[in-house]
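In: I'll drop the sequence and a predicted model, then ask my questions.
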Amino acid sequence: MDWNPEYEKQLVEQARLDAEKFGPIYAHYFPIIQRYVEARLHVKELAEDFASQVLEKALHNIQTFVWENPSSVFAWLIQITKRLLIDYYRQQSRRATQSNDELISRAGSPDSLEHDVERDVASDLMHKLLLNLPERDRQVVYYKFYNGYSNKVIAEILQISESNVGTILHRNLSKIKAMV
């Protein structure tokens, strides 16, 4: 059958009654979400995992989905994707605190241990400074400096203009310098 809003609406209603009926929605949107995520993370395998997670989350929350317009399902799935990506970026930016034993076992010399400790302290300090920033500003800084994304990619993720990204970066780097 042709994929159209009425057909999609039917599938959603069927999936609400029987999770097995979610299959066509999964099959249709999996490659779309995978490409969306891959364009942002640049890792195909990770994009596949994300697409699976998004669609699994959608299936578990299908009862709460509200049909508003012909692109509602797609918009809903993209919102889920964005939330998962934000969670992923946050997780990647946080560094697990390592015990001294781990540092010592990893260190090849006292100099490298000292360097590792200094880097970890600096990273912890930066993380604490960033916590003082508003959420969106913190996301921009994380995406730029922890993930290495261009202003254009950050603008797409946060749905703001590229020049706004530059302004936010400039303003917050000044704030961070003033705090140090």
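Out: Received it, and whenever you're ready, just let me know what you need.

In: could you tell me how many residues sit around residue 167?
Out: Taking other CB atoms under 10 Å as the neighbour definition, residue 167 ends up with a count of 13. Bear in mind the C-beta positions are built from the backbone N, C-alpha and C, glycine included.

In: now it: which helix or strand?
Out: Taking DSSP states H and E as the criterion, the element that holds residue 167 is helix 162-179.

In: residues in contact with that helix?
Out: Here helix 162-179 makes contact (CB atoms under 8 Å, 6 or more residues apart in numbering) with 126, 129-130, 132-133, 136-137, 140-141, 144, 151-152, 154-155, 158.

In: ok, now with 6 Å
Out: 129, 133, 137, 140-141, 144, 151-152, 154-155 (CB atoms under 6 Å, 6 or more residues apart in numbering).

In: flag the least confident of these.
Out: Taken together, the contacts of helix 162-179 show their lowest pLDDT at residue 129, with 67.

In: and the two most separated of the contacts of helix 162-179?
Out: 129 and 152 (25.6 Å; CB to CB).

In: how many other residues sit next to the nearest residue in space to residue 90 that is not next to it in sequence?
Out: Closest residue to residue 90 apart from its sequence neighbours, by CB to CB, 6 or more residues apart in numbering: residue 142 at 7.3 Å. Neighbour count of residue 142, defined by other CB under 10 Å: 21.

In: on that earlier part again, which one of the contacts of helix 162-179 has the most neighbours?
Out: Counting neighbours by other CB under 10 Å, residue 140 comes out on top of these with 27 neighbours.

In: report all helices and strands that the helix or strand that residue falls within contacts.
Out: Applying DSSP H and E as the criterion places residue 140 in helix 135-141. Packing contacts for helix 135-141, counted by 3 or more CB pairs under 6 Å, 6 or more residues apart in numbering; DSSP states H and E, involve helix 162-179.

In: what about the helix it packs on, distance to the chain center?
Out: In terms of CA atoms, centre = their mean, to the nearest Å, the centre of helix 162-179 is found 21 Å from the chain centre.

In: check stretch 41-54 too.
Out: Using CA atoms, centre = their mean, the offset of stretch 41-54 from its chain centre is 11 Å.

In: by mean pLDDT, flag the weakest helix or strand of the protein.
Out: helix 100-106 (a mean of 51; mean pLDDT, DSSP states H and E).

In: rewinding a little: in helices only, show me the contacts of helix 162-179.
Out: Residues of the contacts of helix 162-179 located in helices (DSSP state H): 129, 137, 140-141, 151-152, 154-155.
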